[in-house]
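Undergrad: Fold the following, please.
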Amino acid sequence: QAHLVESGGGLVQPGGSLRLSCAASGFTLGRYAIEWFRQAPGKEREAVSCISSDAGFTYYHDTVRGRFTISRDNAKNTVHLQMNNLKPEDTAVYHCATDPGSSCTFEYASWGQGTQVTVSS
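TA: Reported below is the predicted structural model:
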């Protein structure tokens, strides 16, 4: 059974860094584009980043471009999101999700339970 598990969230001060991980089991992560999206209380779900199956294409939301970096290790069936210079507005639950195919279409086929990121002084 396909399963995604996010980890690495936590409480960090503004300007700090976190590295989120997305681990897959039950399927070959390398066949799919992987997205990270976030959802804060009272706000709509927001696509943060995406990486194609071969890592040849990456996408970043305007609000995180230059601060976040997505990467993948297909051999380890994992995807990472390095988040630097975090801001209070980055506070949300972050989920990783599979795309139905190898390209970033943001049609989330499956996603994990999420990991909480809180940026506060």
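Undergrad: Name the strands paired with the helix or strand of the chain with the lowest mean pLDDT and say parallel or antiparallel.
TA: Every helix and strand of the chain was ranked by mean pLDDT, DSSP states H and E. The lowest is strand 110-111, at a mean of 92. Next to strand 110-111 in the sheet, as set by DSSP bridges, lie strand 92-98 (antiparallel).
Undergrad: Do you know the pLDDT at Phe27?
TA: For Phe27, the pLDDT comes out at 89.
Undergrad: Contacts only, for the spatially most central residue of the chain.
TA: The centroid of the chain falls nearest to Trp36 when counting by C-alpha atoms, centre = their mean (2.8 Å). Trp36 makes contacts with 20, 22, 47-50, 70, 79, 81, 94-97, as judged by C-beta atoms under 8 Å, 6 or more residues apart in numbering. Just so you know, the C-beta spots here come from the backbone N, C-alpha and C atoms, and that holds for glycine as well.
Undergrad: quick one on the thing from earlier: the least confident helix or strand of the chain: how far from the chain's middle?
TA: Relative to the centre of its chain, strand 110-111 is centred 11 Å away, using C-alpha atoms, centre = their mean, to the nearest Å.
Undergrad: Name the next helix or strand following it along the chain.
TA: The first helix or strand that comes after strand 110-111 along the chain, using DSSP states H and E, is strand 115-119.
Undergrad: What pairs with that following strand, parallel or antiparallel?
TA: Sheet pairing of strand 115-119 (DSSP bridges) gives strand 10-12 (parallel), strand 92-98 (antiparallel).
Undergrad: Put together CSV for those strands, with mean neighbour count, distance to Thr118 and mean pLDDT on each row.
TA: Below are the strands paired with strand 115-119 laid out as CSV (neighbours: other C-beta atoms under 10 Å; distance: least, C-beta to C-beta, whole Å; pLDDT from 0 to 100):
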stretch, mean neighbour count, distance to Thr118, mean pLDDT
strand 10-12, 14, 5, 98
strand 92-98, 23, 9, 97
